[in-house]
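Enquirer: the following comprises the amino acid sequence and a computationally predicted model.
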Amino acid sequence: MEFDRPKGVEMHLDIAPLIDIVFMLLLFFMLTSSFVTDNGIELNLPQAETGKIQEESEPVVIYIDQDQRIFLDKETFELEQLEKSLAEKLKNSQLKKVVLKSDEAVPMGFVVKVMDIARQAKGENLIISTRKVEGVMHGEE
C-alpha cells in the first residue's frame, strides 16, 4: 500500500540580484581606485623634453619640497637620518630602485647631496622624476 506524502517545499534562490550587486561593487571600486592621488606632498617638478615614463616596480620614493624638507613614505627626515632609513627600505627591495622627486626651486647642491646619500644607502637604480613639457613643440621658439 502506498501512502501519499506531502511534497517538500521547493526552495529556489534567485542569484540575479546578487550578481547585479557584485557587479555594481566591482564597478564602484574600479572607478574610485583611479582617483587615488600619488602623495599629499605638493611639488613643482622640473620640466624635461627628453623624459621617459618609467615602469612601475614599487620603487622607494624620496620627495624634497621647496623648503628642502626630505620625505620618505610621508615621514620627514634630516640629511643625517636619511641614509639609515633608506638603507632599511632598500634592504627588502630586489631592484634597489630609488625615485627622487624634487621641487624645481631646490638648489642643485642639495639634490646632489640627497643623491649621494641614496647611493651610499645601496640605491643602485636612481631615477630623477620630471614633468613633461607642455605646449612646447620641437623647433618652436
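Expert: Done, it's in.

Enquirer: what residue ranges in this structure score low on pLDDT?
Expert: Low-confidence segments of the chain (pLDDT under 70): 1, 6, 34-41, 54-57, 134-141.

Enquirer: which parts of it are helices?
Expert: 16-33, 79-91, 108-120 (DSSP state H).

Enquirer: of all those, which one is nearest residue 99?
Expert: helix 108-120 (9.7 Å; C-beta to C-beta). Every residue, glycine included, has its C-beta placed from N, CA and C.

Enquirer: still on that earlier bit, just put the helices of the chain in TSV and tack on distance to residue 100 and mean neighbour count.
Expert: Formatted as TSV, the helices of the chain follow (distance: least, C-beta to C-beta, whole Å; neighbours: other C-beta atoms under 10 Å):
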stretch	distance to residue 100	mean neighbour count
helix 16-33	26	9
helix 79-91	11	15
helix 108-120	6	15
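
Enquirer: need these in CSV with distance to residue 53, can you?
Expert: Output for the helices of the chain, formatted as CSV (distance: least, C-beta to C-beta, whole Å):
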stretch, distance to residue 53
helix 16-33, 20
helix 79-91, 23
helix 108-120, 21
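
Enquirer: so which of these gets nearest residue 45?
Expert: Across the helices of the chain, closest to residue 45 is helix 108-120 (C-beta to C-beta), at 11.9 Å.

Enquirer: give the other helices and strands that that closest one contacts.
Expert: Applying 3 or more C-beta pairs under 8 Å, 6 or more residues apart in numbering; DSSP states H and E, one finds that helix 108-120 makes contact with strand 60-64, helix 79-91, strand 97-102, strand 125-128.

Enquirer: pretty sure residue 76 sits against residue 68.
Expert: No: applying C-beta atoms under 8 Å, one finds residue 76 not in contact with residue 68, separated by 10.9 Å.

Enquirer: make TSV from the helices and strands packed on helix 108-120 and add distance to residue 42 to it.
Expert: Shown next, in TSV, are those (distance: least, C-beta to C-beta, whole Å):
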stretch	distance to residue 42
strand 60-64	10
helix 79-91	20
strand 97-102	11
strand 125-128	18
